[in-house]
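Colleague: here is a sequence together with a model predicted from it:
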Amino acid sequence: MQIFGVDIGGSGIKGAPVDLDKGDLAQERCKVLTPHPATPGAVADGVREVVEHFGWTGPVGLTFPGVVTGGATIRTAANVDKGWVDTDARALFADRLGGLPVTVVNDADAAGVAEMSFGAGRGRRGTVVLLTFGTGIGSALFTDGALVPNTELGHLELGGHDAEKRASSKAKEDHDLTWEHWARRVRKYLAHVEMLFSPELFIIGGGVSRKAEKFLPLIEGIKAEIVPAQLQNDAGIVGAAMHAAKS
């Protein structure tokens with residue numbers, strides 16, 4: 001069974017048909033740059049471009065980098081245009097995609113569900129926290145495999161700032177941090193999350209997971225096991241498709 005998944009991020013919009021039996025992309029993904037400003041209309045145009053690239057005419061699952069309530073309404077927009085707040089994203093995307101069936105879910109929640117089903121969290125019980133490091137820091141919290149949605153732990157305070165302003169991969173690039181310097185910031189952040197939630201496992205996702213060997217060995221003093229996401233930066237696409245299949 002195949003469903004189309006789209007992952008909307010602060011820097012890119014990427015999507016592909018997903019093989020839900022394997023939990024993997026059925027075709028090579030298409031990616032377009034996230035428009036700036038990332039207004040609802042401009043992002044919807046980008047989503048349409050990605051979907052039309054494949055000539056897709058079936059259900060589409062989408063992620064959004066913020067809190068999504070009721071499967072439709074956007075409540076926060078930290079890394080996209082503030083015009084998203086209170087937008088009915090499901091109606092917007094369905095209209096832009098010519099009436100195709102559409103679902104919308106928080107991006108990190110989607111990635112987490114994919115990793116728990118097909119990746120690094122498969123079969124794991126207890127408390128698991130997936131963190132995606134990209135333009136911001138997304139989070140997905142699981143207890144015995146059940147998702148606690150819309151946690152947004154990237155906005156915990158760290159050193160007087162939103163944690164994602166200090167420890168996201170964008171922060172690494174913006175401040176030209178070495179892997180060692182950035183790893184120290186990530187360690188402080190993980191220690192804070194660990195103090196609050198005492199997870200057995202941290203799964204580190206986002207684009208930076210492809211380079212896990214450069215920074216994970218530098219993170220010490222965390223009691224929880226820390227592993228890179230197995231689906232890497234495709235986890236959001238897979239999770240979006242999984243969400244659509246269940247709706």
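Modeller: Now that the structure is in, tell me what you want to look at. As the structure is a prediction and not an experimental result, all values here were calculated from the model.
Colleague: rest of the way, CA atoms for contacts and neighbours
Modeller: Will do.
Colleague: C-alpha coordinates for the longest helix along the chain, PDB please?
Modeller: Among the segments of the chain that qualify as a helix by DSSP state H, the longest is helix 179-197. Presented in PDB, the C-alpha positions along helix 179-197 are these (Å, rounded to 0.1, in the frame of the first residue of the first chain):
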ATOM      1  CA  TRP A 179      31.100  19.800  16.300                       C
ATOM      2  CA  GLU A 180      32.600  19.800  19.700                       C
ATOM      3  CA  HIS A 181      31.100  23.100  20.700                       C
ATOM      4  CA  TRP A 182      27.700  22.200  19.400                       C
ATOM      5  CA  ALA A 183      27.800  18.800  21.100                       C
ATOM      6  CA  ARG A 184      28.300  20.500  24.400                       C
ATOM      7  CA  ARG A 185      25.200  22.500  23.800                       C
ATOM      8  CA  VAL A 186      23.300  19.400  22.800                       C
ATOM      9  CA  ARG A 187      24.500  17.600  25.900                       C
ATOM     10  CA  LYS A 188      23.200  20.400  28.100                       C
ATOM     11  CA  TYR A 189      19.800  20.300  26.400                       C
ATOM     12  CA  LEU A 190      19.600  16.500  26.600                       C
ATOM     13  CA  ALA A 191      20.500  16.700  30.300                       C
ATOM     14  CA  HIS A 192      17.600  19.100  30.900                       C
ATOM     15  CA  VAL A 193      15.100  17.000  29.000                       C
ATOM     16  CA  GLU A 194      16.400  13.900  30.900                       C
ATOM     17  CA  MET A 195      15.900  15.600  34.200                       C
ATOM     18  CA  LEU A 196      12.300  16.400  33.300                       C
ATOM     19  CA  PHE A 197      11.200  13.100  31.700                       C
END
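Colleague: report the distance from it to the chain centre.
Modeller: 19 Å (Cα atoms, centre = their mean, to the nearest Å).
Colleague: can you tell me what sits against the helix or strand following that helix?
Modeller: Downstream of helix 179-197, the first helix or strand assigned by DSSP states H and E is strand 201-205. With Cα atoms under 8 Å, 6 or more residues apart in numbering as the test, strand 201-205 has contacts from 120-121, 127-133, 224-229, 232-233.
Colleague: heading C-terminal from strand 201-205, find the next helix or strand.
Modeller: Using DSSP H and E, the helix or strand that follows strand 201-205 in sequence is strand 225-228.
Colleague: okay, buried residues for that following strand please.
Modeller: Of the residues in strand 225-228, 226-228 count as buried by neighbour count, 16 or more other Cα atoms under 10 Å.
Colleague: can you list the residues you listed in a markdown table and add distance to G12 and pLDDT?
Modeller: Converted to a markdown table, the buried residues of strand 225-228 look like this (distance: Cα to Cα, whole Å; pLDDT from 0 to 100):
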| residue | distance to G12 | pLDDT |
| --- | --- | --- |
| I226 | 26 | 98 |
| V227 | 24 | 98 |
| P228 | 21 | 97 |
